[in-house]
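Q: Pasted the sequence and its predicted model underneath.
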Amino acid sequence: MTGSKRAVVIGGGIGGMTAAAALHTTGWDVTVLERAPSLQPIGAAISLAPNSLRALDVIGLGDEIRDLAAWQGDGGLRTPSGRWLSRTDAAAVTARFGDPLVMLHRATLINCLAGRVPQDAVRTGVAATVVDPGEATRPARVSTPDGEMEADLVVAADGIRSAVRRVLFPDHPGTVYSGFTSWRVVIPLPGVEFASHETWGRGRIWGSHPLKDGRVYAYAAAITPAGGRASDDEKAELLRRYGDWHDPIPAILAAARPEDVLRHDVHHIAAPLPAYHRGRVALVGDAAHAMPPTLGQGGNQAVEDAVVLAHHHADLAAYSAARLPRTTAIARRAVKVGRLGMMTGRTGVAVRNTVTAALSRAAPLLFLRGFEDIAGWRPPQAPYAAGKTPAGNGQRRTPGEGRLHRTR
């Protein structure tokens, strides 16, 4: 192959589109192949932490996302009755990490990422997989319904059921059921104001978060056998499980239509892969390290993957070495947090709540210290595409500086 280096990205989700944008920024000729008929993801939001905001700064997109997202204010962890177990201090998060936690619809993020690559670089409705991962002396080959493509680099961002992962590592056991199912809904909820919160019950979780456009993102999770579905509709199932929980949960359920509710069983990769690459193919996001959503880091780690891969594109072994230990540790922590949140025993739940409340009162910054190794991550690249040094990489934003402390 001659001319600029060619990358094929399989999958147009968050990890795939971030990788496409990051590679295009550094001069690669990129083609994105997405199986779905469009790039628009299903109706759900994503929480972006300071670590992924710094990664988005690398491709010049961080400030745009900060402007479009709802900055998560003071909130915290509650019981079904509404009692606060712990409170999150948004100002303390920003002061420690240089950025807040922000929330926006996944479609908004995907659209912003798509705007960073040429319009004709994205092909939807195209199923693709790897037929030859290539090696140093030959390109990788990707099969599509229209024939094969060669690439200097293939980015496999084809999700939790990754076909590319099975090609690269056929002996890997794949994903396991995490033990719980999840529901998600994004709806308008005019006239209802509330603080972002996550609520832990017995074997059940609920979260509510306002978005900047006036809609509300809510999610729920409950321990159930794999493959289960409501006998009538999923809204009715949510009403049965959460209808008597604290405000604003009843108002959200009342406003949601049955067709607004999405339900998916949660799976994760329990046995880490031996590497995140083989030949000229690199795995990113859920294809590499699917994790439960209990830390809110699945999409964040996909963004990190993509930016680090663009940095190590000439040495995929370095990419694996940089990403595998970090993502494995975060995935394991997400499993542990899921077990804590999904406890079912009455005594165990009472102890969990008592300890959480006591620690919150005695050491209110304990959460931030525990989050340091996640949110404090810095990308390897500098300087940045936006021509700015992002907070936390050589300097910190301070109160009153830039956008960080603007009223929202």
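A: Alright, I've got the coordinates. The structure presented is a predicted model; accordingly, all values stated were derived computationally and were not measured.

Q: C-alpha only now, for contacts and for neighbours.
A: OK.

Q: Export only the CA atoms of the helix or strand bottoming out on mean pLDDT in the chain, formatted as PDB.
A: The helix or strand of the chain with the poorest confidence is helix 366-375; it has a mean of 87 (mean pLDDT, DSSP states H and E). C-alpha atoms of helix 366-375 as PDB (Å, rounded to 0.1, in the frame of the first residue of the first chain):
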ATOM      1  CA  LEU A 366     -12.800   9.200  50.900                       C
ATOM      2  CA  PHE A 367     -14.600   8.700  47.600                       C
ATOM      3  CA  LEU A 368     -12.300  11.200  45.900                       C
ATOM      4  CA  ARG A 369      -9.200   9.400  47.200                       C
ATOM      5  CA  GLY A 370     -10.600   6.100  46.000                       C
ATOM      6  CA  PHE A 371     -11.400   7.600  42.600                       C
ATOM      7  CA  GLU A 372      -7.900   9.100  42.200                       C
ATOM      8  CA  ASP A 373      -6.400   6.300  40.200                       C
ATOM      9  CA  ILE A 374      -9.300   6.400  37.700                       C
ATOM     10  CA  ALA A 375     -10.200  10.000  37.300                       C
END
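
Q: residue closest to the middle of this structure?
A: Nearest to the geometric centre of the chain sits Gly299, at 1.7 Å (Cα atoms, centre = their mean).

Q: immediately after the helix or strand containing that one, which helix or strand?
A: If you go by DSSP states H and E, Gly299 is part of helix 298-311. Sequence order places helix 316-341 as the next helix or strand after helix 298-311, per DSSP H and E.

Q: which regions of the stretch 1-150 of the chain sit below the pLDDT cut-off?
A: In the predicted model, the stretch 1-150 of the chain carries pLDDT under 70 at residues 1-3.

Q: And the strands in it?
A: Ranges of strands within the stretch 1-150 of the chain are 6-10, 29-34, 45-48, 70-71, 75-78, 84-88, 102-105, 122-124, 129-132, 140-144, 147-151, based on DSSP state E, counting those that start in this stretch.

Q: hang on, the earlier thing: now the least confident helix or strand of the chain and helix 316-341, what's the angle there?
A: Computed with axes from the mean of the first three to the mean of the last three Cα atoms, to 10 degrees, the direction of helix 366-375 lies at 150 degrees from that of helix 316-341.

Q: starting at the chain centroid, how far to helix 366-375?
A: In this view, helix 366-375 has its centroid 17 Å away from the chain centroid, taken as Cα atoms, centre = their mean, to the nearest Å.

Q: neighbouring contacts of that helix?
A: Helix 366-375 is contacted from outside by Ala49, Pro50, Asn51, Val93, Arg96, Phe97, Ile330, Leu359, Ser360, using Cα atoms under 8 Å, 6 or more residues apart in numbering.

Q: hang on, the earlier thing: contacts only, for the residue nearest to the centre of the chain.
A: Residues counted as contacts of Gly299 (Cα under 8 Å, 6+ apart) are Ile14, Gly15, Ile46, Leu48, Gly285.

Q: Pick the one among those residues closest to Ala255.
A: Closest approach between these and Ala255, by Cα to Cα: Ile46, at 20.9 Å.

Q: what about that closest one, how many neighbours?
A: Neighbours of Ile46 under the rule other Cα atoms under 10 Å: 20.

Q: how near is Val281 to Ile160?
A: Counting by Cα to Cα, to the nearest Å, the gap from Val281 to Ile160 is 17 Å.

Q: same deal with Arg6?
A: 25 Å.

Q: Looking at neighbours, which among the contacts of Gly299 is most surrounded?
A: Gly15 (33 neighbours).

Q: Report pLDDT for the closest residue to that one other than its chain neighbours.
A: Nearest residue to Gly15, sequence neighbours excluded (Cα to Cα, 6 or more residues apart in numbering): Ala302, at 4.6 Å. Ala302 is assigned 98 on the pLDDT scale.

Q: Columns distance to Ala290 on top of the strands of the stretch 1-150 of the chain, output as TSV?
A: Output for those, formatted as TSV (distance: least, Cα to Cα, whole Å):
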stretch	distance to Ala290
strand 6-10	16
strand 29-34	19
strand 45-48	15
strand 70-71	26
strand 75-78	25
strand 84-88	27
strand 102-105	20
strand 122-124	23
strand 129-132	19
strand 140-144	23
strand 147-151	25
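
Q: residue ranges with poor pLDDT in the stretch 251-400 of the chain?
A: In the stretch 251-400 of the chain (pLDDT under 70), the answer is 383-400.

Q: circling back to that earlier point, nearest to His209, out of the strands of the stretch 1-150 of the chain?
A: strand 102-105 (7.9 Å).

Q: That closest one: partners in the sheet, and parallel or antiparallel?
A: Next to strand 102-105 in the sheet, as set by DSSP bridges, lie strand 45-48 (antiparallel), strand 70-71 (antiparallel).

Q: which residues touch the shortest one?
A: With Cα under 8 Å, 6+ apart as the test, strand 70-71 has contacts from Pro100, Leu101, Val102, Met103, Leu104, Pro210, Leu211, Lys212, Arg408.

Q: That's all I had, so thanks and see you.
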